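**Q** My questions are about this predicted structure, shown below with the sequence.
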Amino acid sequence: MSDFDPFNDRVARDLRNHLATAMVAALVHDDGVLFTRMVADWAGRDLGPVHRRYLAGRRESFDRLIAGGIAGGAVWEIAVALWNEGLFFEVHEILEDAWREADGEEKEVLQAMIRAAGVQVHLAAGNDRGARKMAKRAHSALARHRDHLPFANGDALISTLAGEHPEAIRLERKGSE
């Protein structure tokens with residue numbers, strides 16, 4: 001959504017941040033009311049078309065996630081579902097909360113995945129240089145901890161982060177089919 005610019009548009013930034021916080025809380029606590037109320041609050045405001053499209057898109061994504069049965073799941077399960085839905089800022093939000101409580105290797109893996117999600121946020125904003133810089137840091141940490149990644153295709157993620165154009169791949173949880 002190239003015309004939605006949370007880096008230069010205060011309304012877009014506030015909308016993104018409020019919805020992300022509410023979505024993550026709703027998914028973690030299996031309480032859709034949190035997100036529904038936030039959507040209703042924003043829908044009642046005087047918004048431009050770009051903001052309304054973003055709001056509608058996030059609502060549709062939330063509905064798909066709820067239908068997928070991930071609400072109330074483990075942090076990594078929710079993070080993978082958010083990633084695969086293309087909700088990279090929300091991935092950042094849920095993993096950042098876990099990162100604050102972690103230590104050691106777990107903390108490093110969480111930070112690397114926060115950066116990997118940030119790569120996609122920067123790419124969507126047209127900041128290729130920032131994305132490549134962040135991808136390099138994410139790649140390095142994920143490569144060091146590849147045996148401890150909660151993905152069946154962690155090597156594919158590491159590989160794409162090493163490339164010139166680090167595209168998002170679909171993540172597969174270990175043990176899933």
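**A** Great, that's in hand.

**Q** Buried residues in whichever strand or helix holds Ala135, which are they?
**A** Per DSSP states H and E: Ala135 is located in helix 128-144. Going by neighbour count (16 or more other C-beta atoms under 10 Å), the buried part of helix 128-144 is 131-132, 134-135, 137-139, 141-143. C-beta here means a position set from N, CA and C on the backbone, and glycine is covered the same way.

**Q** Distance from the helix or strand containing Leu27 to the middle of the chain?
**A** Using DSSP H and E, Leu27 sits in helix 10-28. Centroid separation for helix 10-28 versus its chain: 11 Å, with C-alpha atoms, centre = their mean, to the nearest Å.

**Q** Run through the neighbouring helices and strands of that helix.
**A** Applying 3 or more C-beta pairs under 8 Å, 6 or more residues apart in numbering; DSSP states H and E, we find helix 10-28 packed against helix 32-43, helix 49-67, helix 75-84, helix 88-101.

**Q** Out of those, which is closest to Leu123?
**A** helix 88-101 (9.0 Å; C-beta to C-beta).

**Q** CA atoms of the helix or strand following that closest one as PDB?
**A** Going down the chain from helix 88-101, the next helix or strand is helix 104-124, by DSSP H and E. Extracted in PDB, the C-alpha atoms of helix 104-124 (Å, rounded to 0.1, in the frame of the first residue of the first chain):
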ATOM      1  CA  GLY A 104      20.600 -15.100  25.900                       C
ATOM      2  CA  GLU A 105      20.100 -16.900  22.700                       C
ATOM      3  CA  GLU A 106      16.400 -16.600  22.700                       C
ATOM      4  CA  LYS A 107      16.700 -12.800  23.000                       C
ATOM      5  CA  GLU A 108      19.100 -12.700  20.000                       C
ATOM      6  CA  VAL A 109      16.800 -14.800  17.900                       C
ATOM      7  CA  LEU A 110      13.800 -12.600  18.800                       C
ATOM      8  CA  GLN A 111      15.800  -9.500  18.000                       C
ATOM      9  CA  ALA A 112      16.900 -10.900  14.600                       C
ATOM     10  CA  MET A 113      13.300 -11.700  13.700                       C
ATOM     11  CA  ILE A 114      12.200  -8.200  14.700                       C
ATOM     12  CA  ARG A 115      14.900  -7.000  12.300                       C
ATOM     13  CA  ALA A 116      13.700  -9.400   9.600                       C
ATOM     14  CA  ALA A 117      10.200  -8.000   9.900                       C
ATOM     15  CA  GLY A 118      11.600  -4.500   9.900                       C
ATOM     16  CA  VAL A 119      13.300  -5.300   6.600                       C
ATOM     17  CA  GLN A 120       9.800  -5.800   5.100                       C
ATOM     18  CA  VAL A 121       8.500  -2.600   6.700                       C
ATOM     19  CA  HIS A 122      11.400  -0.600   5.200                       C
ATOM     20  CA  LEU A 123      11.000  -2.200   1.800                       C
ATOM     21  CA  ALA A 124       7.300  -1.400   1.700                       C
END
